[in-house]
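Undergrad: pasting a predicted model and its sequence here:
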Amino acid sequence: MAVSVKDVAALAHVSVGTVSNVLNRPDTVSPAMADRVKQAIRELRYVPNDAARQLRMGQSTVVAFIVHDAGNPFFTDVLSSAETAAHEHGYTVLMANSGLDQEREAAHLGQFERQRVAGMLIVPAGDPSLAIDRMRARDIPVVLVDRVTDDPSVASVASDDRLGGALAAEHLVALGRRRLVFVGSARSLVAIDHRVQGAREVTRRAGLDLIQLETPSLTLESGVSSGARVAAMVRSGDCDAVIAANDLIAIGLEKALLSGPRPLSIPEDVALVGYDDISFAAASVVPITSVRQPRAEMGRIAVDLLLREAALDGGAVREHVVLAPTLVVRASTDPNAPGPSSVTSA
């Protein structure tokens with residue numbers, strides 16, 4: 001059975017109010033009295049209920065961060081940066097994973113809402129308006145992360161995914177690639193749609209088509225499972241370059257294309273560009289060219305916006321920060337880039 005503040009008070013032969021003062025206002029208690037209470041706390045191994053205590057004091061030191069894919073190193077990097085920034089201001093970050101499931105996201109929102117967190121960072125799995133309305137009703141500041149929005153009532157920070165998709169396509173077209181395929185989709189993720197749009201604008205200007213292959217998820221496994229389709233398109237002459245929706249898919253594709261009874265060469269047979277520039281992209285058998293998102297900057301800015309959000313009134317216009325991605329060229333598109341230019345498997 002959990003030890004309560006009443007148990008501490010009984011052992012120390014003081015009132016519950018005195019125990020509360022020792023925990024929250026130690027300057028109001030005599031040193032001798034405080035020592036008795038602290039000794040009782042140690043003997044009983046009492047752990048204060050921080051959540052309840054913070055509610056009574058009208059404040060919290062917890063910031064919630066809901067992402068839609070905790071298995072993607074991109075989001076763990078953003079989280080790490082956000083946690084560092086929050087710690088500098090005396091806050092702790094708790095993460096939850098929606099798995100691109102909007103019902104699961106809503107359950108997380110309800111849990112954090114009941115805990116009265118100090119603020120909410122959300123990488124939304126779908127339409128974020130419900131989350132925004134729920135948190136605003138509780139006066140809990142909200143910032144959208146990795147989601148571009150023009151909603152003046154909510155702050156946001158994201159990378160320019162249209163530009164990122166365009167950078168990938170421009171690079172491939174400049175290399176002489178003419179049959180580009182975009183691998184990866186997620187119906188509820190605006191970011192992926194924007195990457196496709198950016199790439200398609202470039203191919204359209206060049207008089208080329210962009211084929212999109214749907215995937216059930218944005219995981220490494222989806223990349224591997226798409227390998228056979230991409231390999232068949234390469235061999236039939238329908239594909240000479242691939243833009244992957246993220247690096248996990250790119251890594252899975254590379255693994256599939258370089259293996260099996262009829263392996264292909266990268267980049268000779270097909271060039272490959274990923275997205276996010278997670279550390280595993282550079283460490284792949286053929287280092288993967290990738291669109292780098294400024295992850296650390298995104299996490300830091302998200303916390304900064306959240307702190308500013310807490311000081312704004314309901315009618316104020318929130319800030320939207322859009323960060324510019326860059327292209328990191330490696331051996332999966334350029335044989336002269338650092339690392340092996342092509343690898344095949346027997």
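TA: That came through fine. Small disclaimer: the values here were computed from a predicted structure and weren't measured.

Undergrad: so what are the domain limits for this structure?
TA: 5-48, 61-159+294-323, 161-293 (automatic domain parsing).

Undergrad: pick the most buried one from the ones you listed.
TA: Most buried of those, by mean neighbour count (mean count of other CB atoms under 10 Å): domain 161-293, with a mean of 21. (Glycine included, C-beta is placed from N, CA and C.)

Undergrad: and the end-to-end length of that domain?
TA: Length of domain 161-293, first residue to last, CA to CA, to the nearest Å: 9 Å.

Undergrad: go on, stretch 83-95?
TA: End-to-end distance (CA to CA), stretch 83-95: 10 Å.

Undergrad: same deal with stretch 137-146?
TA: 23 Å.

Undergrad: hmm, who's touching it?
TA: Identification of contacts with stretch 137-146 by CB atoms under 8 Å, 6 or more residues apart in numbering yields 65, 78, 113, 116-124, 128, 131-132, 135-136, 154-159, 191, 298-299, 302, 305-306, 309-310.

Undergrad: show the contacting residues for Gly243.
TA: One correction, residue 243 is Ile, not Gly. Ile243 neighbours (CB under 8 Å, 6+ apart): Gly165, Ala168, Ala169, Leu172, Leu180, Val181, Phe182, Val183, Arg195, Ala199, Val273, Tyr275.

Undergrad: quick one: which of the residues you listed is nearest Glu105?
TA: Arg195 (21.9 Å; CB to CB).

Undergrad: from Ala158, how far off is Asp150?
TA: 12 Å (CB to CB, to the nearest Å).

Undergrad: could you do Ala34 as well?
TA: Ala34 is 49 Å from Ala158, by CB to CB.

Undergrad: sec struct for Arg116, please.
TA: Under DSSP: H, G, I helix; E, B strand; the rest coil, the three-state class of Arg116 is coil.

Undergrad: wait, doesn't it sit right on Ser60?
TA: Yes: assessed by CB atoms under 8 Å, Arg116 is found in contact with Ser60 at 5.6 Å.

Undergrad: follow-up on the earlier one: which of the domains of the chain sits closest to Ala337?
TA: Per CB to CB, nearest to Ala337 of the domains of the chain: domain 161-293, 7.2 Å.

Undergrad: return the distance of the closest one from the chain's centre.
TA: On the basis of CA atoms, centre = their mean, to the nearest Å, domain 161-293 sits 21 Å off its chain's mean C-alpha point.

Undergrad: quick one on the thing from earlier: okay, the domains of the chain in CSV with mean pLDDT next?
TA: Output for the domains of the chain, formatted as CSV (pLDDT from 0 to 100):
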stretch, mean pLDDT
domain 5-48, 87
domain 61-159+294-323, 88
domain 161-293, 95
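
Undergrad: contact partners of stretch 327-335?
TA: Contacts of stretch 327-335 (CB under 8 Å, 6+ apart): 167-168, 171-172, 175, 241, 250, 254, 266-268, 271-274, 277, 281-282, 284, 286-292, 337-342.

Undergrad: tell me the SS of the closest residue to Met233 other than its chain neighbours?
TA: Closest residue in space to Met233, ignoring its immediate chain neighbours: Cys239 at 3.8 Å, by CB to CB, 6 or more residues apart in numbering. Put simply, Cys239 is coil when judged by three-state DSSP.

Undergrad: is it correct that Leu323 is in contact with Pro294?
TA: Yes: with contact defined as CB under 8 Å, Leu323 counts as touching Pro294 (4.9 Å).

Undergrad: overlap in contacts, these two.
TA: Ser159.

Undergrad: where does Ala64 land in three-state SS?
TA: strand.

Undergrad: may I have the beta-bridge partners of it?
TA: Here Ala64 sits in beta bridges with Leu94, Met120, going by DSSP bridges.

Undergrad: tell me how far Val303 lies from Glu83.
TA: For Val303, the distance to Glu83 (CB to CB) stands at 9 Å.
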